[in-house]
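1. Kindly return the folded structure for what I paste below:
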Amino acid sequence: MRAVVQRVKQSSVITGGNMIGQINAGLLILLGIGQKDDIEDINYLVDKIINLRIFSDGDGQMNLSAVEEKKDILVVPQFTLYGDCRQGRRPSFSSAASPGEARKLYHKFVDKIKQSGLKVETGKFQAVMDVKLINDGPVTMLLDSNREF
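-> Numbering: from 1, shown residues only. Model (predicted):
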């Protein structure tokens, strides 16, 4: 499971001309799900993300987490995080989970984050979306449940 985590001042997701998710200060998570991912990957990434100390304390140091600061979360599915561009010019998505399995794990991921008590908004699975954000910092982290990076 892979995630691009961006600290944002605000973010929203629009599909079909309708805003379906919007947050104020918090985290935008672009989530990719791989073929071998399971509940252990969800548990690892959710814990890592909500407790990641990337919000500034009173001294301007990144010492506070989304949980400590009660920040909003926007989770957007993004299978292209499993695009392999090492060969040729067209990405291969053979490592991405099947749509049915990915949908199931995506919703479990969202449910697990909601258990933190934070406000959670979502994108729409298998939809073309416009994602808007005001990046804060910018602060962007790449996470992988297999700890590949």
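2. Which residue ranges of the chain form helices?
-> For the chain, applying DSSP state H gives helices covering 39-51, 66-69, 99-114.
3. same for the shortest one, what does it pack against?
-> Okay, so that is helix 66-69. The contact analysis (3 or more CB pairs under 8 Å, 6 or more residues apart in numbering; DSSP states H and E) places helix 66-69 against helix 39-51, strand 55-56. The way it works is simple: take the backbone N, C-alpha and C, and place the C-beta from them, glycine included.
4. Which pLDDT value goes with the closest residue to Val4 other than its chain neighbours?
-> Ranked by CB to CB, 6 or more residues apart in numbering and with sequence neighbours excluded, the top spatial neighbour of Val4 is Leu30, at 4.2 Å. For Leu30, the model assigns a pLDDT of 98.
5. For Leu30, list each beta-bridge partner.
-> Val4, Val76 (DSSP bridges).
6. Okay, it and Gly88: tell me how far apart.
-> Distance from Leu30 to Gly88, counting by CB to CB, to the nearest Å: 24 Å.
7. now swap in Leu45 and tell me
-> 30 Å.
8. Which one of these two is surrounded by more residues?
-> More crowded of Leu45 and Gly88, by other CB atoms under 10 Å: Leu45, with 23 against 8.
9. ok, the residue nearest in space to the middle of the chain - contacts?
-> Computing the C-alpha centroid of the chain and ranking residues by CA atoms, centre = their mean puts Ile29 first, at 2.1 Å. Ile29 makes contacts with Ala3, Val4, Val5, Gln6, Ile49, Ile73, Leu74, Val75, Val76, as judged by CB atoms under 8 Å, 6 or more residues apart in numbering.
10. One more pass at 7 Å, please.
-> Ala3, Val5, Ile49, Ile73, Leu74, Val75, Val76 (CB atoms under 7 Å, 6 or more residues apart in numbering).
11. and what of Val75?
-> Going by CB under 7 Å, 6+ apart, Val75 touches Ile29, Leu31, Phe109, Val110, Ile113, Val120, Thr122, Gly123.
12. The fifth one: how many residues sit nearby?
-> Neighbourhood size, Ile113 [other CB under 10 Å]: 22.
13. and if you look at the second one?
-> The number of residues packed around Leu31, counting by other CB under 10 Å, is 26.
14. Excluding chain neighbours, what is closest to it?
-> Distances taken as CB to CB, 6+ apart place Ala3 nearest to Leu31, at 5.3 Å, with adjacent residues excluded.
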